[in-house]
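Novice: Okay, here's the prediction I keep looking at, along with the sequence it came from:
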Amino acid sequence: MESAIAKAGALIEAMEYIRGFAGRIVVVKLGGSILDDASLQKKLLTDIAFMATVGMRPVIVHGGGKAITRAMSEAGIEPVWVQGRRYTDERVLTIAEHTLVNKINTPICEMLAELGCEPMGLHSLSSCVLFAELIRLAGEDGRKLDVGFVGKVTNVNGQLLKKLCADGTIPVIASVAKDKAGGKLNVNADSAAGMVASGVGAEKLVMVSDTHGIRRDIDDPDSWVSSLNEQQIKEMIDDGIITDAMFPKVEACLTALDAGVKKAHIIDGRIAHSLLLEIYTDKGIGTQIVRD
């Protein structure tokens, strides 16, 4: 009986959020172990299917760095990194595109369809909604460093995405963009998610990865912070607390907030129902970032 009462209480708590988020777009960026573990992925996509069922409009953005590295290794190609960016020549770009589209995007769409949803894969081999420009990194001597076919997302086809969401379709976006000439560019999935959230005027951006939110001390799990504002985030960046893999996630969150997105979240997708717990409960389970 107590278990049944607890479930009823959870539903009542969720009711306010379900009403408030009905018809609102939420961008979910999938990364980390979620993309390598079919069981974890199924659980998370079940949460997304629930969101769609109760009236939210989810949009999925995904990367696939680990899978790309494995595919390169199988092809006998050793990754070359330039300031943390994977050098991408034509052969690497072909491998990345094949991996992102056929090994990650298509299975996500198939799994969502099995869960009763209507997904649509959006990528460089179908309808592409990400548009980017080539980037060059600054070297220590001031010269520009070539990283190959790597781009920065500058524009998103938000009109198409909003139309799909209004029709009840779940867009599933792979992190390959097109440039002005129609060429293809590998882009950072975190940054792409921030731009997508900005482009559709999302209610929320949720970054799902292998980290339980933001810590004030990276080595101390107990220093996890439930809520931060933009100013606090910028201070943590200046103090060197937010660095490395966390930085692009936080940067994407700030991009979304600056464009009017109300809240951004960073959660650990390995925790059961972390997505629903973050969105539909009072306490949440990760770190939320809010506007000042």
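Specialist: Noted; the coordinates are in hand. Small disclaimer: the values here were computed from a predicted structure and weren't measured. Numbering: from 1, shown residues only.

Novice: contacting residues around the longest helix anywhere in the chain?
Specialist: In the chain, taking DSSP state H as the definition, the longest helix is helix 2-21. Under the contact criterion CB atoms under 8 Å, 6 or more residues apart in numbering, helix 2-21 has outside partners 54-56, 203, 276, 279-282. Quick note: C-beta positions are derived from backbone N, CA and C, even for glycine.

Novice: Can you flag which of those belong to helices?
Specialist: The members of those that map onto helices under DSSP H are 276, 279-280.

Novice: Which of these sits closest to I25?
Specialist: Closest approach to I25 among the ones in helices among the contacts of helix 2-21 (CB to CB): I279, at 12.7 Å.

Novice: Pull the number of nearby residues for the closest residue to the closest one other than its chain neighbours.
Specialist: Counting by CB to CB, 6 or more residues apart in numbering, I279 lies nearest to Y17, which is 6.4 Å off, once chain neighbours are set aside. The local packing of Y17 (other CB atoms under 10 Å) involves 16 other residues.

Novice: residue boundaries of the strands in the stretch 101-250 of the chain?
Specialist: 118-122, 130-138, 144-156, 169-174, 176-178, 184-187, 204-209, 214-215, 224-225, 227-229 (DSSP state E, counting those that start in this stretch).

Novice: which one of those lies closest to A67?
Specialist: strand 169-174 (11.4 Å).

Novice: For the closest one, buried residues please.
Specialist: 169-174 (16 or more other CB atoms under 10 Å).

Novice: now do stretch 114-134
Specialist: Along stretch 114-134, these residues count as buried under the neighbour rule (16+ other CB under 10 Å): 115, 117, 119-125, 128-132.

Novice: Leaving out the residues flanking it, which one is nearest to C253?
Specialist: Nearest non-adjacent residue to C253 (CB to CB, 6+ apart): A264, at 3.5 Å.

Novice: Helix, strand or coil: sort out the one you found for me.
Specialist: strand (DSSP: H, G, I helix; E, B strand; the rest coil).

Novice: Contacts only, for it.
Specialist: Residues near A264 by CB under 8 Å, 6+ apart: 197, 204-207, 252-254, 256-257, 288-289.

Novice: Got the confidence number for it?
Specialist: pLDDT recorded at A264 is 94.

Novice: hang on, the earlier thing: tell me the one among the ones in helices among the contacts of helix 2-21 nearest to Q41.
Specialist: L276 (15.4 Å).

Novice: number of nearby residues for that closest one?
Specialist: Using other CB under 10 Å, L276 has 19 other residues around it.

Novice: I'd guessed it sits against T53; true?
Specialist: No - using CB atoms under 8 Å as the test, L276 is too far from T53 to be in contact (11.6 Å).
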